[in-house]
Each structure stands twice: as structure tokens, then as C-alpha cells.
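> model this:
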Amino acid sequence: MNPTNVADTTMDDSMYSSYYLDANIPKPCMKEGIKAFGELFLPPLYSLVFLFGLFGNSVVVLVLFKYKRLKSMTDVYLLNLAISDLLFVFSLPFWGYYAADQWVFGLGLCKMISWIYLVGFYSGIFFIMLMSIDRYLAIVHAVFSLRARTLTYGVVTSVVTWSVAVFASLPGLLFSTCYTDHNRTYCKTRYPGNSTMWKVLSSLEINVLGLLIPSGVMLFCYSMIIRTLQHCKNEKKNKAVKMIFAVVILFLGFWTPYNVVLFLGTLVELEVLQHCTFERYLDYAVQATESLAFVHCCLNPVIYFFLGEKFRKYIVQLFKTCRGPFALCPPCALLQMYSADIPSSSYTQSTVDHDLRDAL
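Predicted structure coming up:
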């Protein structure tokens, strides 16, 4: 799996049409317009996602190190999620150039960028799932969470999560390769032997690890959180519920279309669905829905800022103290004006309030 692994049949029709006519067999499904669509659509989108993802997640990392200092499991997961998103966006300039032209970076970078992209993809989704479990423990099992939600357990589970993400991404490292066809160099996944079986397994891996398991865990955790909050008379309840719905809806809204398209692609590989027009539209849909899914890595910092009171305060404080280096950055002025609207939190909160604020 990489962002440009869609069918690309750019050969001139005149080169082989007579062969297929003479042999009296059907011509292959032509998809020459798909690359032209990608050349126009993908590079600017990848550039925007790279810039916003790099900026937003870098701010998250700075806030965590400067103000929160990784004192809890939640802080560890937030840091690892930001690092996952940074890994993911790091690969996008390479895919953007590849979509606009061809792969010019060699075999080593082809394998490495494909692997980094997949590690960021899987680890980001896994850490969103872990953060859901963390919120579930903090709110539903508040007493037990005092023993379970420690910094040590956060580090241990993060190491395990990165190990699973690296292992799940190994096919991208092993099977990505460069090859030249009709004066164009490609960086794509080429499976040995029965390639159809490998493609089906790869699609199932992405659907199971990237959507089904995380979605199931998130829906369970957040449904239990909402049930608990319904019995909790607390001024932070509405904000917690808003955060919950924002995380779930954005995750499902941005990733589900891509996974559905991949599943349909699996049916095409298995020859369950066979129609040239459908396959062409499906390849367009792969590019569109995958690009939509990429945008999700930019949204986590936005969620923290607008729905997380403590995080918003820290971000504003960061930009106020770093006014000099960020003097040319337009969002800084906005953040500095916004800081006047943030109330101070000098009062003492109850244990339930504290857990809710950690959840936010």
C-alpha cells in the first residue's frame, strides 16, 4: 500500500489494439486518464496536508515537552500520536512529487518512504484507539485508573504499539520496489508468486487493523463513557461529550470511505466485480478517499485546541512566550488575541473534574 498504488495503464492504444483484434480476445480496461487526474489533484493536496500537519503536530510536541512534561499516560499517548502523524506527513512530499512526475529517489528511498508511511498510518490509528481506552479508564473506572493509568504503563504500551505498527508495515518495506516501464519509473508494491492473494491479504489487513478493530474499541469505550457521564452532574460533561463525538465522527468520517473503497478493490481482485467503467471510477475513488483520510492527521491538534481547555491554554502560552520566532506567523496574532478569552483556572477541582479535564 502506498498513496499512488492505483492502476496506471498509460500505453498508447494503437500499440496493441491490433494484437487483441487479431487474437480475438477482449482488450484490457484502459485507465490512462487516472494518472492525469492524480497529477492535477494530488500534489497540491499533499503539500497542504504536509504543511498543516507538520505545523500542528510540531506545536503539540512542543507543548507536551515544555508544559506537560510527560507526567501521565495521556501525555505519553498524545506525544506518540503527534510523532505518528509527523512520520506520516514526512512521506507526503515524496508521494506528491511522484504523483506529479515519476519516482526519482531510488530503490532505497522507495522502500524507506513506503515503510515510514505505513508505520505512521498504523501507529496513528493505534494511538487514537489507546487514547480512547485511556479516557474510558479515567471516566468509567476512575478508582482502578489510579493504578492502571501510570507513566510506566503508558511507556510500555507505547513500545508494544510501535512494535505492532512496525511489524504490520513490514510488507511495505519488503515488497516495495522500483521499476521502469515505458520510460517511466515507478515505486510500487510488487508481491511474489500469487499477487492476487497478497493484495487481498493486504487489503484485509488495512481494513481489520485500520478500521474494524479501532472502530469497535472506540465505539465501546465512548458509549460507556457517555453512559457514565449521563449520571454525572458536572459542568465539564458537555465538553467531554463534544470531544467524544468529535473524535469518533472525524475518525469514522475520514477513514471509512477509504476502507470501503479498498474492500471493493479486493472484490475486483477476486473477480467478483468485473466492469471496466466501475474499475475506472474505483481508481478515482481510491485517490479521492485516500487523500481525504490523509487530512485526518491534521485534525488532532485542531480538536485539542478548540475542545481541550488545558491544551488551548498551553498553546496560547507557547505562542506568547515564543512571540519573536513566530512574529511572521499569522496564527500567532489570532492566538494572542484569543488568550484574553481563556479563563484562569485557579480554583480547586474535584477528582471527577480532574479526570474530565485529562480526558479533554
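> And residue 277, how far from residue 284?
11 Å (Cβ to Cβ, to the nearest Å). Bear in mind the C-beta positions are built from the backbone N, C-alpha and C, glycine included.
> Of these two, give the one with the bigger neighbour count.
residue 284 (17 against 8; other Cβ atoms under 10 Å).
> The more buried one touches residue 34, doesn't it?
Yes. The pair residue 284 / residue 34 is scored as a contact, 6.5 Å apart, by Cβ atoms under 8 Å.
> For the nearest residue to residue 99 once chain neighbours are set aside, grab the count of nearby residues.
In this structure, residue 99 finds its nearest non-sequential neighbour in residue 42, 3.9 Å apart by Cβ to Cβ, 6 or more residues apart in numbering. With neighbours defined by other Cβ under 10 Å, the count for residue 42 comes to 23.
> Residue 42 and residue 118: what is the separation?
Taken as Cβ to Cβ, the span from residue 42 to residue 118 is 18 Å.
> what sits against the closest residue to residue 301 other than its chain neighbours?
Excluding the flanking residues, the one nearest residue 301 by Cβ to Cβ, 6+ apart is residue 56, at 3.4 Å. Contact analysis of residue 56 by Cβ atoms under 8 Å, 6 or more residues apart in numbering lists 298, 300-302.
> and the residue nearest to residue 99, which of the three is it?
Assigned with DSSP: H, G, I helix; E, B strand; the rest coil, residue 42 falls in the helix class.
> remind me which residues of the chain are low pLDDT?
Across the chain, the ranges flagged by pLDDT under 70 are 1-33, 194, 232-241, 243-244, 304-309, 322-360.
> and the longest helix for it?
Under DSSP state H, the helix in the chain containing the largest number of residues is helix 106-140.
> Can you name the next helix or strand after that helix?
helix 142-148 (DSSP states H and E).
> helices or strands up against the helix or strand following that next one?
The first helix or strand that comes after helix 142-148 along the chain, using DSSP H and E, is helix 151-168. Under the contact criterion of 3 or more Cβ pairs under 8 Å, 6 or more residues apart in numbering; DSSP states H and E, the helices and strands touching helix 151-168 comprise helix 73-90, helix 106-140.
> between those helices, which gets nearest to residue 294?
Across those, the minimum distance to residue 294, taken as Cβ to Cβ, is reached by helix 73-90, at 7.8 Å.
> Report the angle between that closest one and helix 151-168.
30 degrees (axes from the mean of the first three to the mean of the last three Cα atoms, to 10 degrees).
> between helix 73-90 and helix 106-140, what angle do the directions make?
150 degrees.
> CA atoms only: put helix 73-90 into CSV for me.
Only the C-alpha atoms of helix 73-90 are listed here, as CSV (Å, rounded to 0.1, in the frame of the first residue of the first chain):
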residue,chain,number,x,y,z
MET,A,73,-0.2,8.1,30.4
THR,A,74,-2.4,10.6,28.5
ASP,A,75,0.6,12.8,27.8
VAL,A,76,2.6,9.8,26.5
TYR,A,77,-0.1,8.8,24.1
LEU,A,78,-0.6,12.4,22.9
LEU,A,79,3.2,12.6,22.2
ASN,A,80,3.2,9.3,20.4
LEU,A,81,0.2,10.2,18.3
ALA,A,82,1.8,13.5,17.3
ILE,A,83,5.0,11.6,16.4
SER,A,84,3.0,9.2,14.3
ASP,A,85,1.3,12.0,12.4
LEU,A,86,4.7,13.6,11.8
LEU,A,87,6.1,10.4,10.4
PHE,A,88,3.0,10.1,8.2
VAL,A,89,3.3,13.7,6.8
PHE,A,90,7.0,13.3,6.3
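> Enumerate every residue touching residue 247.
Residue 247 neighbours (Cβ under 8 Å, 6+ apart): 128, 132, 218, 222, 303.
> my guess is it is in a helix, correct?
Yes. Per three-state DSSP, residue 247 lies within a helix segment.
> My guess is the residue nearest to residue 99 contacts residue 97. True?
No. In this structure residue 42 lies outside contact range of residue 97 using Cβ under 8 Å: 10.1 Å.
> will you turn the helices and strands packed on helix 151-168 into a markdown table that also has mean neighbour count?
A markdown table is the format used below for the helices and strands packed on helix 151-168 (neighbours: other Cβ atoms under 10 Å):
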| stretch | mean neighbour count |
| --- | --- |
| helix 73-90 | 23 |
| helix 106-140 | 22 |
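> Let me have those helices in JSON lines, adding distance to residue 186 as columns.
Written out in JSON lines, the entries for the helices and strands packed on helix 151-168 read as follows (distance: least, Cβ to Cβ, whole Å):
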{"stretch": "helix 73-90", "distance to residue 186": "21"}
{"stretch": "helix 106-140", "distance to residue 186": "9"}
